[in-house]
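> Model the following, please.
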Amino acid sequence: MKKTGFMMKIVAIAAAAAIMIGMLSGCGSSGKNNGRNSDGKIVVEVGNWPHETDEATLNLWTQYEQDFESAHPDIDIVPNTYVYDVKTFATKSAAGQLPDIYRVPFSEAQSIIRRGCAADITDKMKEAGLLDSLNKDLIDMTSDENGRIYSLPQTAYAQGVMINKDLFKQAGLVNDDGTVKVPKTFEELAEYAAQIKEKTGVAGFAMPTTNNVGGWILLNVAWNYGVEFEKMNDDGKWTATFDTPEFHDTLQWLYDLRWNKGALADNTVIDGSAYTETFGTGQAAMILRATTDCNTMVTRYGMNKDVIAMGEMPEGPKAHYSQLGGQLYALKSTLTDEQIDAAFEWLKFMNVTPELDEQKETELRKLDFDQGRIVWPYDLFSIWDDDARTENVKKVREPFVNIDMKDYQNYADAEGITLRAEPEVCAQELYSVLDGVIQEVLTNKDVDIPAISKKAQDDFQVNHLDKMD
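Prediction:
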C-alpha cells in the first residue's frame with residue numbers, strides 16, 4: 001500500500017484463534033448438480049447484486065452479466081441480492097443459503113473459516129498471481145493456522161475522524177491555507193468539540209451507544225490510551241484484561257466530553273444508523289468513521305460532499321492505532337473446482353483483481369459522478385502493492401474527480417499510524433458489553449468509573465469468554 005502513509009504492520013490478527021475454537025458445521029450443499037445447470041453450464045450465484053431500487057447500478061450490472069456470459073458461454077451468472085447482515089449470516093451459512101460468491105466484513109475472516117463456510121482458494125490465488133501484489137498482512141488475516149487462504153480482500157479502510165468543514169469554520173478551527181484543523185490527539189479532539197459547541201451550539205462530537213456500534217467505536221479510543229481487551233493464555237483459554245487505569249482514563253475522556261465540556265450530542269441512544277444520520281444531517285461536527293461512509297452522508301442524507309473532510313485517527317497518550325476494516329469476497333465451501341475457476345473469472349472481470357479494465361472503471365466512476373457520489377483520484381487505501389494499477393486508476397478517474405484532495409490528505413498520509421484488526425474472539429460480545437459502559441458514563445453524572453469497568457470485565461469474562469467452546 002505504497003500510496004498512503006499507514007504503517008502496514010497490522011497487529012492483533014486473528015489467525016491463531018482458528019486453532020482454539022472448534023470447527024462449526026459447514027455451509028450445506030450447493031443445491032446444484034455438480035455445479036452445473038440443466039443446460040450444462042457452470043453456475044455461479046453472485047451475492048451483493050444491486051437491488052432494483054438502484055435502477056442505474058442494476059442496469060449496469062445486468063449489462064456486465066450479459067457481456068461476461070457472452071465472453072464465457074459455459075458460465076451462467078445468477079444474481080443474488082443478499083448482503084451480509086450480522087443478524088442473518090450465521091443462520092444462512094448453517095443452512096447452506098449463502099450465494100456462491102458472498103461478501104463479508106474483515107471481522108468475519110476467521111469466522112467463515114471456523115464455520116466451514118468458505119472454500120480454500122490458496123491454489124487459485126497462487127495460479128492467478130494474486131499473492132505477488134496483495135498486501136501480505138491482509139493475506140495473513142484471511143488465512144488459517146496452516147497458511148491456507150479462504151477469502152480475497154475487496155476493499156480496505158482505516159478508521160479516522162470525519163469532519164463537518166462548515167461547523168469547523170464557524171468555530172474558527174481553520175488553518176492559514178483554508179483547510180480545517182484536524183485534531184492530532186484525542187485531547188485536542190475534545191477541545192475542538194467543546195469549542196464547536198460553544199461557538200455554534202452544535203455538538204462537537206457524537207458517540208454511538210447501542211447495537212454494538214458504541215463498543216466498536218470506543219475500541220479505537222481505548223487502544224490509543226493503552227488498553228488491551230483480551231489475551232490468550234498458554235492453555236488456549238482467553239482472559240479479559242481491560243479493567244485497567246488506561247481504560248479508566250478512556251472512560252474519563254468520554255465523561256469529560258459529556259459532563260464537563262458539554263460537547264456531545266444530546267441523544268444518548270444512538271445506533272449505527274442514528275450515528276451516521278447525526279453527522280449527515282449536521283447535528284455533530286465530528287465522528288470516528290472511514291471514508292467508505294462519506295458517500296452514505298451524501299446519498300442517504302443529502303449532505304453536501306464539499307462540506308466533508310477526513311483526518312487520520314487522533315493519537316492517544318500511549319499509542320497511535322487505527323482500526324482496520326474492509327470487505328472480503330469468499331466462495332462457498334461446497335463449490336466445485338469448475339465453479340471456483342468461474343468465480344475467479346467473474347471477480348477478475350469486475351476489477352476485483354489487480355488487472356484493471358479501464359472501460360469498466362470508467363463506467364463505474366461515471367455512474368458515481370452522475371449520481372452525486374464522491375469520486376477520489378485514487379483509492380485512499382489500496383489493498384494492492386501494484387504501481388501500474390494505481391497509475392491506471394488515477395488516469396481513468398481524473399475526469400470524474402469531484403472533491404478537493406486537500407480535505408482528505410491528512411487521512412491519506414496517516415503518518416505513523418499502525419493498523420489493528422478487531423479483537424480475535426468474541427468481538428461483537430465485547431462491543432455489546434462496552435455499549436453498556438458507554439451508556440452508564442453518558443447518563444449518570446455520578447458514575448463510578450472503576451466500578452463499572454470491573455463489572456464490565458467480569459461480565460465479558462463470565463458470560464462470554466468462559467463460555468467459548
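> any chance you could map the strands in this protein?
Secondary structure of the chain (DSSP state E): strands located at 7-11, 42-46, 75-79, 101-105, 152-158, 160-164, 230-232, 238-240, 286-289, 308-312, 321-331, 418-420.
> Tell me which of those strands lies nearest to Met141.
Proximity of the strands of the chain to Met141 was assessed by CB to CB; the nearest stretch is strand 7-11, lying at 6.8 Å. For the C-beta atoms, the positions are set from N, CA and C on the backbone; glycine is no exception.
> quick one: stretch 196-203 to chain centroid distance?
30 Å (CA atoms, centre = their mean, to the nearest Å).
> Now do the buried residues in it.
Residues of stretch 196-203 classed as buried by neighbour count (16 or more other CB atoms under 10 Å): 196-197, 200, 202-203.
> how about the helices of the stretch 201-350 of the chain, start to end?
213-224, 245-255, 272-280, 294-301, 337-349 (DSSP state H, counting those that start in this stretch).
> ugh, wrong one, I meant the stretch 51-200 of the chain
Under DSSP H, counting those that start in this stretch, the stretch 51-200 of the chain gives helices at 55-71, 89-94, 111-114, 122-127, 136-141, 165-170, 186-200.
> Dump the ones you listed to a markdown table, plus distance to Trp346 and mean pLDDT.
Below are the helices of the stretch 51-200 of the chain laid out as a markdown table (distance: least, CB to CB, whole Å; pLDDT from 0 to 100):
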| stretch | distance to Trp346 | mean pLDDT |
| --- | --- | --- |
| helix 55-71 | 6 | 95 |
| helix 89-94 | 21 | 90 |
| helix 111-114 | 19 | 89 |
| helix 122-127 | 13 | 94 |
| helix 136-141 | 21 | 80 |
| helix 165-170 | 40 | 98 |
| helix 186-200 | 43 | 98 |
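> Could you identify which of those is most buried?
helix 111-114 (a mean of 23; mean count of other CB atoms under 10 Å).
> if we can go back for a sec, switch the helices of the stretch 51-200 of the chain over to TSV; also include distance to Leu434.
Listed next are these as TSV, based on distance: least, CB to CB, whole Å:
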stretch	distance to Leu434
helix 55-71	36
helix 89-94	21
helix 111-114	20
helix 122-127	35
helix 136-141	23
helix 165-170	27
helix 186-200	17
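> Quick one, which of those gets closest to Val425.
helix 111-114 (10.0 Å).
> which residues sit in contact with the nearest residue to Val161 once chain neighbours are set aside?
Nearest non-adjacent residue to Val161, counting by CB to CB, 6 or more residues apart in numbering: Gly311, 4.7 Å away. Applying CB atoms under 8 Å, 6 or more residues apart in numbering to Gly311 gives the contacts 160-161, 163, 182-183, 410-411.
> picking up where we left off before, got the buried residues of stretch 196-203 as TSV, with distance to Asp386 columns?
Formatted as TSV, the buried residues of stretch 196-203 follow (distance: CB to CB, whole Å):
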residue	distance to Asp386
Ile196	40
Lys197	45
Thr200	44
Val202	42
Ala203	41
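> nearest to Met405, of the residues you listed?
For these, the nearest to Met405 is Ile196 (24.0 Å; CB to CB).
> dump the residue contacts of the nearest residue to that closest one once chain neighbours are set aside.
Using CB to CB, 6+ apart and skipping residues adjacent in sequence, the residue nearest Ile196 is Gly204, 3.8 Å away. By CB under 8 Å, 6+ apart, Gly204 lies in contact with 192-197, 261, 263-264, 284-286.
> if I look at Gly204, how far off is Gln159?
18 Å (CB to CB, to the nearest Å).
> before we move on, what about Thr362?
In terms of CB to CB, Thr362 sits 30 Å off from Gln159.
> Which one's more surrounded, those two?
More crowded of Thr362 and Gln159, by other CB atoms under 10 Å: Gln159, with 26 against 15.
> just checking, Pro50 touches Glu65?
No: Pro50 is beyond contact range of Glu65, at 10.8 Å (criterion: CB atoms under 8 Å).
> show me what contacts Ala285?
Counted by CB under 8 Å, 6+ apart, Ala285 has contacts 163-164, 167-168, 171, 192-193, 196, 200, 202-205.
> Show me what the residue nearest the centre of the chain bridges to in the sheet.
In the chain, the residue lying closest to the centroid (CA atoms, centre = their mean) is Gly325, at 3.2 Å. Taking DSSP bridges as the rule, Gly325 bridges to Tyr157.
> Now do the contacts for it.
Gly325 neighbours (CB under 8 Å, 6+ apart): 105-107, 156-159, 290, 292.
> Ok, Gln461 next?
239-240 are the contacts of Gln461 under CB under 8 Å, 6+ apart.
> for Gln283, same thing?
With the criterion set at CB under 8 Å, 6+ apart, Gln283 makes contact with 202-203, 206, 265, 277.
> Roughly how far does it sit from Thr276?
For Gln283 relative to Thr276 (CB to CB), the value is 11 Å.
> and the gap between Ile383 and Asn135?
6 Å.
> Which one's more surrounded, these two?
Ile383 (20 against 17).
> and Tyr151, how many residues sit next to it?
That one is not Tyr; residue 151 is Ser. 27.
> Kindly report the same for Thr53.
Neighbour tally, Thr53, other CB under 10 Å: 7.
> In terms of pLDDT, where does it sit?
pLDDT for Thr53: 90.
> what's the answer for Gly22, then?
39.
> May I have the beta-bridge partners of the nearest residue to Asp266 once chain neighbours are set aside?
Leaving aside its sequence neighbours, Asp266 sits nearest to Ala203 (CB to CB, 6+ apart; 7.3 Å). Applying DSSP bridges to Ala203 gives these bridge partners: Ala284.
> contacting residues around Met162?
279, 286-289, 293-294, 297, 308-310.
> Just the closest of the buried residues of stretch 196-203 to Gln457, please.
Closest to Gln457, out of all of these and judged by CB to CB, is Ala203, at 29.6 Å.
> correct me, but the closest one touches Ala284?
Yes: with contacts counted by CB under 8 Å, Ala203 reaches Ala284, the gap being 4.5 Å.
> Find residues that contact each of these two.
Common neighbours of Ala203 and Ala284 (CB under 8 Å, 6+ apart) are 265, 278.
> and Thr296, what is it in contact with?
276, 280.
> Please tell me how far it sits from His464.
When Thr296 is compared with His464 (using CB to CB), they lie 30 Å apart.
> quick one on the thing from earlier: so which of the helices of the stretch 51-200 of the chain gets nearest Tyr82?
Of these, nearest to Tyr82 by CB to CB is helix 89-94, at 7.3 Å.
> Show me what the closest one is packed against.
On a contact count with 3 or more CB pairs under 8 Å, 6 or more residues apart in numbering; DSSP states H and E, helix 89-94 meets no helix or strand.
> Convert it to CSV, retaining C-alpha atoms only.
C-alpha atoms of helix 89-94 as CSV (Å, rounded to 0.1, in the frame of the first residue of the first chain):
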residue,chain,number,x,y,z
PHE,A,89,-25.4,-14.6,8.4
ALA,A,90,-25.0,-17.5,10.9
THR,A,91,-28.4,-18.9,10.0
LYS,A,92,-27.9,-18.6,6.3
SER,A,93,-24.5,-20.1,6.4
ALA,A,94,-25.6,-23.1,8.5
